[in-house]
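Peer 1: need a 3D model of the sequence below.
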Amino acid sequence: MIDKRTGQAERSTWIDIAGAALPLYLTMIAASAGALVDTALLGNHATATLAAFAVTIAVFSPATATVAGALRGVMPFVTPAKEDPDRLLAVVRGGMWLATTVGMVAAAAVASVPLIGRAAGVPRTTLDELGIFPYLLASSVLAIAVGSSSTSVLVALGRSELVMRAGLFGTAASVTLSVLLVGGPGPLPSHGLTGAGIAMLASSVISSTFNHVMLRRSTVLTGRPLHPGRPDAKQIRTLGTVGIPLAGTVLVKFAVLGVLTFAAARIGTESAAVHSVGISLVNLIFTAAVAVGQATVPLVSDHADKRDAGRIRRSVRAGTWLALAVVGFIATLTIVLAPWVVPLFTGDADMRPRITDLLPLVLAVVVTDALQAVVGFGLIGLKRTVPSFVATFVCYGVLAAVAAPIAATGGLVALWTALALANFFQAVGKAYFFHRHCGFVQERAPAPAVMCDRSR
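Peer 2: Below is the predicted model:
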């Protein structure tokens, strides 16, 4: 028989997570839509321009994902300090320094796109189209890094609706400027990649500034100066011990997915195209799991601060079921609506059946990815991110090693089955570490006070 109070607590946890996750999910969807506008406008501008855009984005996307991953490590330090402005201010300033450090490294990688392109054998005609675009996007990475430090704090404080507003303002600016500077409506000239770079930089700066202003005006930090101040090496190192392994996890994932893309390309051009569409669908659906995972972190860190292992497990269990329900529903709906969804990705009638046949495996991959992600976010709440990195490194390392022979012998079906299995075993590993560290939290919990009977 289920305890009535436990059932009510479970429902309350579901509602709390869903309420915090929805604004984050809408923000991510809006950003994805904005990126599609850039791609469409540049594709109409010139094929070489679109190719140059794709080359730069191939570096920009993992760079920004790495920055965002590193700054998520700030979140579990925010919740215990949410009622103490001085303590919270120290965390915020440490996060800004961590953002600046990681952001500069990521920005340098994006600025090096012309060198990376030459080393990778990208055609000279494509590289000649780059112009100042990589440098505009490098500046955008720095703005995103600073904005991510504020975003993590706002989410951890339960103010994800403010993050949504900032994201929507930034996306609106990006779309408007892209239409004006890239599309060149009426008498306006098209500035191609440079216009797209200006639009993306403006979007990043607007979102970052809005988050920073809201952090100062709408939280316990009201009226306090949020400039980084002098760097506190100990604080930065403490935040980095949680954030840097997360950045490493993101890099490993992007690198191995790149290996899978090359393995699919070796099968044939059509297989590479089908694989690309599948990955695009996974990324689009997976954002729901990321939003739910981020919303779970503050609950876990709060319960960890109180040494309540039972509520920690309950929060991650609720987040896991919610993520699985949402991504499972979206993926299943995609399969049901395949006759209408698939044509959005290709006009090739011969390729559409192959994409449709891959959709059940897309469902398997995205569900297992959501499973491992939420448990991984639970480990973030416990400030234990090295186990997540280890699980990802081992499982995806094995996947990278066997990807080429598996693709050669079994095609895309075997390759995507291997990806789903890697996600599953990654989830098993992270779940083991999560429950192990929950046990440590329980062991460190203070013993209940014993009431003395003074009537004797």
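Peer 1: where does the stretch 251-400 of the chain have low pLDDT?
Peer 2: 346-348 (pLDDT under 70).
Peer 1: would you map the helices across it?
Peer 2: Under the criterion DSSP state H, counting those that start in this stretch, helices of the stretch 251-400 of the chain are mapped to 269-305, 309-336, 338-341, 352-381, 386-444.
Peer 1: now those as JSON lines including distance to A35 and mean neighbour count?
Peer 2: To be clear about C-beta, it is placed using only N, CA and C from the backbone, and glycine gets the same treatment. Shown next, in JSON lines, are the helices of the stretch 251-400 of the chain (distance: least, C-beta to C-beta, whole Å; neighbours: other C-beta atoms under 10 Å):
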{"stretch": "helix 269-305", "distance to A35": "11", "mean neighbour count": "22"}
{"stretch": "helix 309-336", "distance to A35": "19", "mean neighbour count": "20"}
{"stretch": "helix 338-341", "distance to A35": "18", "mean neighbour count": "12"}
{"stretch": "helix 352-381", "distance to A35": "19", "mean neighbour count": "23"}
{"stretch": "helix 386-444", "distance to A35": "23", "mean neighbour count": "18"}
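Peer 1: so for D38, which of these sits nearest?
Peer 2: helix 269-305 (14.9 Å; C-beta to C-beta).
Peer 1: what packs against that closest one?
Peer 2: helix 4-45, helix 75-78, helix 133-156, helix 233-267, helix 309-336, helix 352-381, helix 386-444 (3 or more C-beta pairs under 8 Å, 6 or more residues apart in numbering; DSSP states H and E).
Peer 1: and the helix or strand following the shortest one, what's its mean pLDDT?
Peer 2: Pointing back at helix 75-78 there. Helices and strands here follow DSSP states H and E; after helix 75-78, the next one along the chain is helix 85-111. Mean per-residue pLDDT for helix 85-111: 91.
Peer 1: just the angle for whichever helix or strand comes after helix 85-111 relative to helix 85-111, thanks.
Peer 2: Next helix or strand after helix 85-111 toward the C-terminus (DSSP H and E): helix 113-120. Helix 113-120 and helix 85-111 meet at an angle of 50 degrees, taking axes from the mean of the first three to the mean of the last three C-alpha atoms, to 10 degrees as the criterion.
Peer 1: contact partners of helix 113-120?
Peer 2: 55-56, 59, 109, 126-127, 130, 134 (C-beta atoms under 8 Å, 6 or more residues apart in numbering).
Peer 1: distance of A173 from G319?
Peer 2: 32 Å (C-beta to C-beta, to the nearest Å).
Peer 1: what's the answer for P228, then?
Peer 2: 32 Å.
Peer 1: can you check V55 too?
Peer 2: From V55 to G319 the distance is 37 Å (C-beta to C-beta).
Peer 1: ok, now A338?
Peer 2: Applying C-beta to C-beta to A338 and G319 gives a distance of 29 Å.
Peer 1: ditto for L36
Peer 2: Distance from L36 to G319, by C-beta to C-beta: 28 Å.
Peer 1: one more: T194?
Peer 2: 42 Å.
Peer 1: do the same with A119
Peer 2: In terms of C-beta to C-beta, A119 sits 41 Å off from G319.
Peer 1: surely S276 touches G258?
Peer 2: No - contact status for S276 versus G258: not in contact, 11.8 Å apart, counting by C-beta atoms under 8 Å.
Peer 1: on that earlier part again, ok, the contacts of helix 113-120 vs D232, which is closest?
Peer 2: Of those, the one sitting nearest to D232 (C-beta to C-beta) turns out to be A109, at 26.5 Å.
Peer 1: from memory that closest one sits against T56, does it?
Peer 2: No - using C-beta under 8 Å, A109 is not in contact with T56; the gap is 11.0 Å.
Peer 1: of these two, which one has the most company?
Peer 2: The neighbour comparison of A109 against T56 (other C-beta atoms under 10 Å) goes to T56, with 25 against 18.
Peer 1: for that one, give me the pLDDT.
Peer 2: 84.
Peer 1: where's it relative to V256, distance?
Peer 2: For T56, the distance to V256 - C-beta to C-beta - is 21 Å.
Peer 1: still on that earlier bit, hmm, which two among the contacts of helix 113-120 are most spread apart?
Peer 2: A109 and T126 (18.4 Å).
Peer 1: quick revisit: could you dump the helices of the stretch 251-400 of the chain into JSON lines and include distance to E83?
Peer 2: Putting the helices of the stretch 251-400 of the chain into JSON lines (distance: least, C-beta to C-beta, whole Å) gives the following:
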{"stretch": "helix 269-305", "distance to E83": "11"}
{"stretch": "helix 309-336", "distance to E83": "19"}
{"stretch": "helix 338-341", "distance to E83": "47"}
{"stretch": "helix 352-381", "distance to E83": "18"}
{"stretch": "helix 386-444", "distance to E83": "21"}
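Peer 1: quick one, what contacts P85?
Peer 2: Applying C-beta under 8 Å, 6+ apart, the residues near P85 are 220-221, 224.
Peer 1: out of those, which is most surrounded?
Peer 2: L221 (18 neighbours).
Peer 1: what sits against that one?
Peer 2: Contacts of L221 (C-beta under 8 Å, 6+ apart): 85, 88-89, 92, 215.
Peer 1: V398 now?
Peer 2: Contacts for V398 (C-beta under 8 Å, 6+ apart) come out as A422.
Peer 1: over to the one 4 residues further on?
Peer 2: V402 makes contact with A418 under the criterion C-beta under 8 Å, 6+ apart.
Peer 1: got a pLDDT number for it?
Peer 2: So, for V402, pLDDT stands at 94.
Peer 1: now do S149
Peer 2: So S149 comes in at 88 (pLDDT).
Peer 1: returning to that earlier point: which one of the helices and strands packed on helix 269-305 lies nearest to L98?
Peer 2: helix 233-267 (5.1 Å).
Peer 1: what helices or strands is that closest one leaning on?
Peer 2: Partner elements for helix 233-267 (3+ C-beta pairs under 8 Å, 6+ apart): helix 47-72, helix 75-78, helix 85-111, helix 269-305, helix 352-381, helix 386-444.
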